[in-house]
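In: Make a model of this:
(chains A, B, C, D and E, ligands or ions: 4)
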Amino acid sequence: MIMNTGLKTILFAAPAVLGFFVPMALGGSGAVYAACVLVAIFAVMSYGLDIIVSDLGEVSLAHTVFFAAGAYTTALLSASAGMGPILSLAGSILVALAVAALLGFVTLQLREFVFSLVTYAVAVVAATIAQNWSFLGGSDGLRGIPPFEISLLGFSARNDQELWPVAYLLLLVAIYMVSSFRRSKLGKAAMMVHLNQRLAVTSGVDPQQTRLQVFLLSAPITASAGWLYAYQRAYISADVLEAYFLILMLTAVVVMGRRLLLGPLAGVALILVQEKFFSFGGYVDKIILGSVLIVSLAFLPNGIIGLFASIRTLFPRRTMPIGKTIPERS
Amino acid sequence: MNLTQQLVNGIVLGHAYALIAIGWTVLLGVARLVNFGHGQMYMLGAFVTWYGISRLGLPYILAIPLAMLVGVAVGYVMQRVMLQLTLKQDLVSIMIVTLGFGYVLHGAAALFFGSTGQILSTPLSMEDVYWGDLWFTYQDIAIVIVAILFFAALKYIIDRTRLGRLARMVAEDPQLAELAGINVKRVYLGVFAFEGAAVALAAALVAPRTPILTSMGFDEVIITFVVVVLGGIGSVLGSYLAGLALGLFVAFFGAFVSPAYAMAAAFAVLIAVLVIRPGGLAVSPGGR
Amino acid sequence: MNTRPVLETTDLKVAYGGNLALDLPRIAVRERELVGVVGANGAGKSTLVNSLLGWSRGSPKVSGKVLLDGRDISALPPHERVKAGLLLIPEGKLVFTQMSTEENLASTADDAPAGQGRRRYSTDEVYALFPRLYERRHHLGSQLSGGERQMLGIARALRLGPRALLLDEPSIGLAPRLVSTVLETVRSLVDSGLTVLLVEQNVHAAIEVVDRLILLERGRILAEGTASEMRDDPRIAEAYLGAHV
Amino acid sequence: QAQQPIKVGVIFPLSGGAGPQGQHVTQAIQAMASIINDAGGVMGRPIQIISRDDESTPAVGVSRANELISEGVSVIIEGWNSPVTLAMQPVINRAGILDITAISKADPILSGEGNPLAVRLNSSNSQDGAVIAKYIGDSGAKRVAFLTENDAYGNGAQEAIEAELKKMNYQYEKVAEEKFPFNQADFRVALTNVRAANPDVTVAINANEGLGMPALIRQAKQSRLPGKLVTAVGTVAPSVIQVAGEAANGVLGADIYFPDVEPFASNPENQKFVKKTQEMFNYTPDKYMALGATALQVWAKAVNELKTLDKEPIAKRIRGGNFTGTVMGDIKFAPNGQLESNHKLFTVEDQKIVVRPASN
Amino acid sequence: MSGVTGPVLRVEALGVSYGALVALDDVTWSVREGEILGIIGPNGAGKSSCYDAVTHLVRRRGQVFLNGEEVTDIAPHLLAERGLKRAFQQNAFFHEMTVLENMITVLQDRYGTGLVATTLLPFAEARRRRDAVEDARQRLMRFGIPEAYHGLKPTNIPYGTQRMLSIALAYGSGAKALLLDEPAAGLGGKDMTHLIDLLISLKQERLALVVIEHHMDLIMSVADKIVVLEQGRLLATGTPQQIQSDPRVLEAYLGRAQ
Ligand SMILES: Nc1ncnc2c1ncn2[C@@H]1O[C@H](COP(=O)(O)OP(=O)(O)OP(=O)(O)O)[C@@H](O)[C@H]1O
Ligand SMILES: Nc1ncnc2c1ncn2[C@@H]1O[C@H](COP(=O)(O)OP(=O)(O)OP(=O)(O)O)[C@@H](O)[C@H]1O
Ligand SMILES: [Mg+2]
Ligand SMILES: [Mg+2]
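Out: Ligands and ions are numbered 1, 2, ... in the order given. This is a model prediction of the structure:
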């Protein structure tokens, strides 16, 4: 058993280290770094949504709001207040927590479509506010975000290549958080509430508290993606609240097959690679993206990953060990 | 400020909203299905009507059934593809697959119809009616009448007829419905085909009010969503009233405050309503 | 009495994944016969009645033939078999919880034809059988007690005009008094022309009403015979003992 | 080596609501590239246009810009939607590539924050405000209503008009002010309010050419809006008139370029450009297309003059510089990079743009 | 009231109404540790409603005491935390999980690790998780669910075994008072024997058990005390012997079966 755990740790650690060298392995050009940084950022953004969709079983359409909360807070704190990345990250997380608490409170009683609708309504209201409130730059957005620089460590990132270590670290942290969440009591409680609320209650789980807590975990993850995105793009406008990011997140979460730890990452990579390197123009791309969604959900019960059963072991199932991993009893 | 004119605007708008939402009311309430491609199906209905009139030279009255036919076909194909998900009642996947269909429809329509704006003009939309200070078109009258008739018929069918009961049985437990001798797959296909036809009809009637673009549909799906949820999921009467209320709200909010924030305000109201009454307006609190 | 079987199955094999849950060479139920199927939990009783209808909440592999009045219905989907007159009252969820008792009872299958030994019960007739349902006719299914749901499940099937009825543990959740009422009702339905395959855990009660009894174990027939023969069968006694304590 | 083409990146929306216009601008730039190549190219090398679709989405625009940067383009001509331009500016600037904004109107584009060496061709809100204000003053209208798109562009345009009117010390009453979101297509509620105010002039500011503007024009006509309907500069292109149909007749607008009106009609550069575009794409260029083509032309002139592709000298040559013999005639850029332009009022008659005789 | 001799669970004047229908009215009973209380009554008598009232799943009148402490206003999940557990008449599972996962999930209060601890001490968490698997397996076996079923989805195991699983899930990591709603429904043969053994062993663990049951042989043989409900009202209380000879009970419930 101990061996088993050790082995597993290595199994996880090895790809984690190797992953850092992916852009170099792909040639290390500016475009590759730009793509990799974006994949990392959007994957982190999607992980926030992933725990809502996969574990809580709800489709939140308000996650762009958390993303925007991170991005706007960072833009304001860094461009206007001159704060560094660490402080702006803290600020982003705090703001996201506040928004999540509010949203969580409002949607406490709501389920399924109604939940989706209300979260969507929140996103629309947020977009209206962002577009019209001059404090947030209105429809012109916020400019003048300085480069990512942590003077304390003497670290500065002026381009995507230099930003990559930060993005990759953020990605690793997000994945680790999600995996921890799923193994923790809270993750189990979320599944219980998702699968059978009555039974969850009589097993001592408070559904509303659970939902609120999951929201409070999910929001900072997505917001931290917004934080880095602000630095990467150096400009933030109300477009971060648009459907583009929402669809990107949703697709990433489901396309590879739901409840896979690395699913959102692979999903984002797939979408961005298609969009950047195999683009056929806006409309054909739409048809492709739509078809991928349809095919992977309607015809591949295990997602795209199901097609490659052999590499499936790399994507550990979210749920607990099932029959076969239990040691034989004598 | 001309309040009577705003009232007319609101009533027409409200019936248009209700009409656009009707297919989804049936989907959601009767079969517990969702369709995020609804807006794009609306767009497609509008463009097929336009194509029928201006390219094929059909009279309006024939272009409508053509659009509905295409709607039926799209609805059928969609459901055919999702049948397994539907039988499994995998709502999250269904939401996202229909979103994917919306994408495909948008892309395909833009490639086929082009992405320039078009005017869908019908014999009714060209006829303005002026009553003293009031102004509307025959198209507006048609929208109100068709919406009322459609809702009345639907209410009757769902509540009173075998067909409606059938669909409700399938909605609740498809497997148990099978044991009652119901061809579950056919009901699902039928409900989706109905949705396609209903939204195409709505498009053929409502779209002539404004220019049409292949990129539209987003607003329609949102409005539908609001109407259906606010009305209480599955309540036919509820969604009629919710549509009407939303139309009046948008008109009067626009009149007294600003059209710029009408939708955001409607959402704010919606959120407030749902926090107080999670089941929407139609269902009594604590019921069920 | 006509002795041609109304319901017959040959070489019925059902497997879940790799596990063979049922393997029966032949079972036949004749006109106006009440055949009981008993056996321990997991013996395959539900699997048997479900697969006769080609129905399941899981996804089993079914092979073999099912004949209704000599007609091979193995290839038909469940709803077609229902229309042909083969009706199942499953175990577990029996009623539509979002509909009232009255609506639950409203006929749903396409004009189930009468004749050929089929009789559709009218709403009044089922209310007469189960007065409790009449009192609760405006309640939603979700508001009924467990036993009321069980009654409604049986009543629904009768409304559909069965030729042959498959009953999966109808006595679950019924008060003792009602158990015997229900089983006697089933008996009288059979006497008035219905053909029934009855799965029952309560051997004690079942043996009083059935014509023949089949004892299943691990998907195979362990014993079969008329009620009186089986009453003294030691293997039955074993099962019986469990139920009786 | 001399054969190696010089790559020019072009980013406009090619799909979505603004797709048709973006495609046209891209085509105009291609036509101009072909004219330049026929005349020997740039520094003796041909121009190769690499075009990308920003889908009117800043995030997509930024990735497209990154793509073009790694393709090694020497200049990027971009910009239909201001937020997309604002998002791309820092990215292109950091990569050390010259960025010319063709259309996007937002003022911060020239603020120097995203790109200290910005260049823009389309007129700014304040330039536009003057001509409309002047018209209102000349017409003697006292009751003025505004129907304004509620974003930076719309509000800015309205402010500019009002500021000009104030500067003129013109006495008028603002009888209605209705704001609406960019993607609005049904203006009946707003128009009802405006109509009730009985204005002499209604200024419509709506940059949504595919949907909003034609809808607004039609519905204004149908609702029997009293007074004159004046549209903000550059919002009524031939495509708008085509969609709006007969309802467009009588609408008043202003713009900076008309292919067949003096001084453009007799300008040989313009004639060449119009002919080439018609030949290649079977389309008569509009203002946006002319601006796109001029952007490329100005850049090519600067490069040929300075014999370098470097960003800084070229930008400095353009900003505050004069150019002769362009599609737009002899032109001048302000020191902040803004092209200075001349506005002309026009009315729509018989669904055709008819330029009003110059009154200045 | 002393915790040792006083009742573990006591309900007083409990009442439930659904609109105009009074499903339960003025019902009082109590159960001590190591005692089995049977609740019987005709269909629709209000037995299940009584459980819903005790566990605070419906709006109700009256009072509930757990270990002598009033818990009337405590939220349902907190009641569970305090050791008041229940099973449902209709089987309740976490459907997409296997039987074993179901069991592990309800053991979270014992083996679960908080989010922070999981993040910071992953190895400790893994150890606890392994313990949970082992414990869950043992518990399932104890509740008569053979290992062959552990890897299947709950709806794919025989109905009788599903019943046992429902009870196992309700009991979870342990309970002071356990309410079972017709546990024997659908059980027969060996499974019935198992159930009886299980009830007796739970009783020996000093658990306070309340069992709704229509299965007279079972309830009469294991219950220490029986409450009879009819049309929402308390018809009789007493020992099995008293109940079996009570003419009102015979009339209303047992009929001529006895
Ligand atoms: N959906 C399924 N998937 C996998 N195995 C199944 C499924 N349904 C039943 N089985 C297996 O088939 C066997 C027979 O089950 P069945 O439900 O028919 O028993 P039963 O006799 O009806 O038992 P009970 O009296 O408990 O209802 C069991 O071993 C069970 O595990
Ligand atoms: N949610 C509800 N709304 C309205 N009426 C209800 C509701 N739940 C139960 N009832 C009614 O209350 C009465 C008591 O129901 P309950 O489920 O408590 O009965 P029970 O004693 O458990 O019966 P059984 O033995 O059949 O399970 C029944 O008549 C039932 O119809
Ligand atoms: Mg069974
Ligand atoms: Mg009950």
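In: For the closest residue to D:Gly337 other than its chain neighbours, give me its contacts.
Out: Excluding the flanking residues, the one nearest D:Gly337 by Cβ to Cβ, 6 or more residues apart in numbering or on different chains is D:Val119, at 4.2 Å. Every C-beta, even on glycine, is put in place using the N, C-alpha and C of the backbone. D:Val119 sits next to D:Leu98, D:Asp99, D:Ile100, D:Thr101, D:Ala295, D:Ala315, D:Ile318, D:Arg319, D:Phe333, D:Gly337 when contact means Cβ atoms under 8 Å, 6 or more residues apart in numbering or on different chains.
In: what's D:Val119 sitting at in phi/psi?
Out: phi -130, psi 130 (degrees, to the nearest 10).
In: ok, which stretches of chain C are helices?
Out: Counting by DSSP state H, the segments of chain C that form helices are C:45-53, C:78-83, C:101-105, C:123-129, C:131-135, C:146-159, C:176-191, C:203-209, C:227-231, C:234-244.
In: which stretch among these comes nearest ligand 3?
Out: Across the helices of chain C, ligand 3 has its closest neighbour in helix C:45-53 (3.0 Å, Cβ to the ion).
In: Now do the buried residues in the closest one.
Out: C:Lys45, C:Ser46, C:Thr47, C:Leu48, C:Val49, C:Asn50, C:Ser51, C:Leu52, C:Leu53 (16 or more other Cβ atoms under 10 Å in any protein chain shown).
In: and the longest helix for chain A?
Out: Per DSSP H, chain A has its longest helix at helix A:207-233.
In: The next helix or strand after that one - what's its average pLDDT?
Out: Proceeding N to C from helix A:207-233, the next assigned helix or strand is helix A:243-255, under DSSP states H and E. Throughout helix A:243-255, pLDDT has a mean value of 86.
In: list the helices and strands helix A:243-255 packs on?
Out: helix A:30-50, helix A:63-75, helix A:263-277, helix A:282-294, helix B:91-113, helix D:58-71 (3 or more Cβ pairs under 8 Å, 6 or more residues apart in numbering or on different chains; DSSP states H and E).
In: and those helices, which is most packed in?
Out: helix A:63-75 (a mean of 30; mean count of other Cβ atoms under 10 Å in any protein chain shown).
In: Pick out whichever of the buried residues of helix C:45-53 sits closest to chain B.
Out: C:Leu53 (7.4 Å; Cβ to the nearest Cβ).
In: Please tell me how far the closest residue to that closest one other than its chain neighbours sits from B:Gly57.
Out: What sits nearest to C:Leu53 in space, not counting adjacent residues and going by Cβ to Cβ, 6+ apart, is C:Leu88, at 4.7 Å. Going from C:Leu88 to B:Gly57 by Cβ to Cβ, to the nearest Å gives 56 Å.
In: can you give me the angle the host helix or strand of A:Ala13 makes with helix A:263-277?
Out: Using DSSP H and E, A:Ala13 sits in helix A:2-19. For helix A:2-19 against helix A:263-277, the angle by axes from the mean of the first three to the mean of the last three Cα atoms, to 10 degrees is 20 degrees.
In: Could you report the pLDDT at the closest residue in space to E:Phe94 that isn't next to it in sequence?
Out: Of all residues not flanking E:Phe94 in the chain, A:Leu195 sits nearest, at 3.9 Å (Cβ to Cβ, 6+ apart). A:Leu195 carries a pLDDT value of 90.
In: Just give me how far whatever helix or strand A:Val166 lives in sits from the chain centre.
Out: Per DSSP H and E: A:Val166 is located in helix A:160-183. Counting by Cα atoms, centre = their mean, to the nearest Å, helix A:160-183 is centred 10 Å from the centre of its parent chain.
In: same question, stretch D:260-276
Out: For stretch D:260-276, the distance to the chain centre is 18 Å (Cα atoms, centre = their mean).
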